[in-house]
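Novice: Need the 3D shape of this:
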Amino acid sequence: MAKGKSKKSKKSKKKQPAELCDRVADALVVGEGFDLSQVDPASTPELDGKEKDAVKLQTKTSAEVGDLQERMYANKGTGPALLLIVQGMDTAGKGGIMRHVVGQVDPQGIHLTSFKAPTKEELSHPFLWRIRKALPASGMIGVFDRSQYEDVLIARVRNLVPPTTWKRRYSQINAFEQATTDRGIHIIKVMLHISPEEQARRLTERVSRPDKYWKYNPGDVDERALWPAYQEAYQAALEKCSTQVAPWYVVPADNKWYARFAVHNLLLRQLRTLQLDWPPADFDPKVEKKRIAESLPEA
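Specialist: Model (predicted):
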C-alpha cells in the first residue's frame, strides 16, 4: 500500500499545475454565452485567501513583471508593444490599477492616456482617430484609462449618436484591434466590474472626507441613475468585441485588492507569452572594456 502511494506521488509530481496567471485569465475571460449579470462583483476567482494573500502573491511576481517590461523597453524600435485597456463604471478602481499594477514598472516605458469627453477637434474626426494617435510605440506599455469603448457605452446610453452609428462601431472596433495586433501591439482589455452597492459606498466616502473631495464628480451620480442601461451596453460590448486576438476579461472589483491582483496576473501572463530576451550588443564588449580601462587620463 505504501508503494502504491509512493508511485501515485511520483506520478503527480510529473504533472505540473497550470500557472496562476493562466488560471486567472481562464477564469475571467469573456467567452461564448457570457452573461455579465451572473458575475459576482465581490467574488475572487482563483484566489481562496484574503487581501494579505493577494498582496503576497502579487509581490512574489512583481520583480518578474518589472524585468519583462524592461526587456521589452530594451527592444524598443524592433520589438513588440503592449496595450492595457481599463474600463469600468465610476469608482471601479481604475486609478488604483494605475498606481498598484502599472506603477510597479519603470515609468519611462509607460505611455498613459486618460480619455475624457472628446474635444471639438476630436469630434471633427472619426471616433478612432484619437485612439490611433495614442497607441504605444514599439517597446512601450500603453495604458488606456477608458478607451474606444466609450463610443459604444456612454455614446449609446446618452444617445450621443444615432443607433445606426454606435451599432456599426462594434465591427469597426474589432477591425481596428485586429490591425493593431497585426502591428505587434498586444492588447489586454479589462472591465472592472463593481456593484451599485459598492459604488454607493465609495461615492459616499468621497463626499465624507475632505481629502477625497477632489475625486468626487456630481456627474457620477447622474451616470449612476442609468446603471441598468450601462450594464446592457457593457454586455453588448463584451459579447460583440471579445475576440481571439483581443479578448475581454471581466474582473470582479468590489474588492480593490483582488482587482489589482487579477490585472497584475493578466499583465504578467501577456508579458510571458512575448518570450522577450535582451537585445544583442551592437558593439564588441571586449573592445569596449579595453577602451573604458584606458579612458582615464594618466595622473
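Novice: from the middle of its chain, how far away would stretch 197-217 be?
Specialist: Its chain's C-alpha centre and that of stretch 197-217 lie 24 Å apart, by CA atoms, centre = their mean, to the nearest Å.
Novice: And the next helix or strand past the strand or helix carrying Arg99?
Specialist: For Arg99, the element it lies in under DSSP states H and E is helix 94-100. Using DSSP H and E, the next helix or strand after helix 94-100 towards the C-terminus is strand 110-114.
Novice: how about stretch 73-82 as PDB, C-alpha atoms only?
Specialist: Backbone C-alpha positions of stretch 73-82 (Å, rounded to 0.1, in the frame of the first residue of the first chain) are rendered in PDB as follows:
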ATOM      1  CA  TYR A  73      11.700  48.500 -23.400                       C
ATOM      2  CA  ALA A  74      15.200  47.500 -24.300                       C
ATOM      3  CA  ASN A  75      13.900  46.200 -27.600                       C
ATOM      4  CA  LYS A  76      12.100  49.400 -28.500                       C
ATOM      5  CA  GLY A  77      12.200  50.100 -32.200                       C
ATOM      6  CA  THR A  78      12.200  46.500 -33.200                       C
ATOM      7  CA  GLY A  79      10.200  44.600 -30.600                       C
ATOM      8  CA  PRO A  80       6.500  44.400 -29.600                       C
ATOM      9  CA  ALA A  81       4.400  46.800 -27.600                       C
ATOM     10  CA  LEU A  82       1.500  46.100 -25.200                       C
END
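Novice: And the strands in the stretch 51-200 of the chain, which stretches?
Specialist: 81-88, 110-114, 141-145, 185-193 (DSSP state E, counting those that start in this stretch).
Novice: Tell me which of those strands sits nearest to Trp214.
Specialist: strand 110-114 (15.1 Å; CB to CB). For glycine as for every other residue, the C-beta is placed from the backbone atoms N, C-alpha and C.
Novice: Within its sheet, name the partner strands of the closest one and how each one runs.
Specialist: strand 141-145 (parallel) (DSSP bridges).
Novice: Give the buried residues for stretch 173-191.
Specialist: 173-174, 176-177, 180-181, 185-191 (16 or more other CB atoms under 10 Å).
Novice: so who does the most centrally placed residue in the chain touch?
Specialist: With distances taken as CA atoms, centre = their mean, Leu84 lies nearest the centre of the chain, 3.9 Å away. Listed by CB atoms under 8 Å, 6 or more residues apart in numbering, the contact set of Leu84 reads Val102, Ile141, Gly142, Val143, Phe144, Ile188, Val190, Val263, Leu267.
Novice: does Gly109 really touch Ser138, like I thought?
Specialist: No - with contact defined as CB atoms under 8 Å, Gly109 does not reach Ser138; the gap is 11.1 Å.
Novice: neighbour count winner among those two?
Specialist: Gly109 (19 against 16; other CB atoms under 10 Å).
Novice: From the structure, what's the count of residues near Asn255?
Specialist: Asn255 has 20 nearby residues by other CB under 10 Å.
Novice: Show the pLDDT at Pro247.
Specialist: Note for Pro247: predicted pLDDT of 98.
Novice: gap between it and Gln275?
Specialist: The gap separating Pro247 from Gln275 is 20 Å, by CB to CB, to the nearest Å.
Novice: Neighbour count: those two, which is higher?
Specialist: The residue with more neighbours, out of Pro247 and Gln275, is Pro247; 17 against 9, by other CB under 10 Å.
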